[in-house]
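Undergrad: here are the coordinates; sequence isn't available:
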């Protein structure tokens, strides 16, 4: 396995997500995720869990709301990618004006390409 080639392939998968958010394109976002993927976070009410299909509503909301967070351009930083065989993990920082998302992705290589299988994330508000 050529780790550099695999990392570039994972970067391409993450780029579907990045470009999808930048262009408010749910179809592009969903290219990054396996259809059975889930996103998880901690909410005031406990565990938050969403399927990949939630991006349709999220992007529609962002398209309809000129003040939606995802209309703001963000800075993305891939902190690390760690690969073992056909499994990988990646950490990404998404920096917006008032907050930062820290995303952790677990990916699997299926049928020759990498898919995000699950995403967990944490949101940090910046002090003003």
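TA: Everything's here; your move. As the structure is a computational prediction, the values presented were derived from the model and not from experiment.
Undergrad: in the protein, which helix is the longest?
TA: Criterion DSSP state H: the longest helix present in the chain is helix 3-22.
Undergrad: what does it contact?
TA: The contact list for helix 3-22, computed with C-beta atoms under 8 Å, 6 or more residues apart in numbering, reads 25-33, 55, 59, 70, 73-74, 76, 78, 81, 83, 88, 90, 92, 105, 107, 109, 113-116. Every C-beta, even on glycine, is put in place using the N, C-alpha and C of the backbone.
Undergrad: could you do stretch 101-108 as well?
TA: With C-beta under 8 Å, 6+ apart as the test, stretch 101-108 has contacts from 10, 13-14, 34, 86-94, 114-124.
Undergrad: mark which of these are buried, thanks.
TA: 10, 13-14, 34, 88, 90, 92, 94, 114-119, 121 (16 or more other C-beta atoms under 10 Å).
Undergrad: just the closest of these to residue 48, please.
TA: Residue 48 lies nearest to residue 121 out of the buried ones among the contacts of stretch 101-108, by C-beta to C-beta, at 9.5 Å.
Undergrad: how close does the most centrally placed residue in the chain sit to residue 2?
TA: The structure's the chain has its C-alpha centroid closest to residue 17; by C-alpha atoms, centre = their mean the separation is 5.5 Å. When distance is defined by C-beta to C-beta, to the nearest Å, residue 17 is 23 Å away from residue 2.
Undergrad: same check on residue 70?
TA: Taken as C-beta to C-beta, the span from residue 70 to residue 2 is 34 Å.
Undergrad: summarise which helices and strands the lowest-mean-pLDDT helix or strand in the chain is packed against.
TA: Using mean pLDDT, DSSP states H and E, strand 46-51 stands out as the lowest-scoring helix or strand of the chain, at a mean of 91. Contacts defined by 3 or more C-beta pairs under 8 Å, 6 or more residues apart in numbering; DSSP states H and E place strand 46-51 against strand 33-43.
Undergrad: could you give the mean pLDDT of the strand it packs on?
TA: The pLDDT scores in strand 33-43 average 93.
Undergrad: what is the nearest of the buried ones among the contacts of stretch 101-108 to residue 64?
TA: Of the buried ones among the contacts of stretch 101-108, the one sitting nearest to residue 64 (C-beta to C-beta) turns out to be residue 94, at 21.4 Å.
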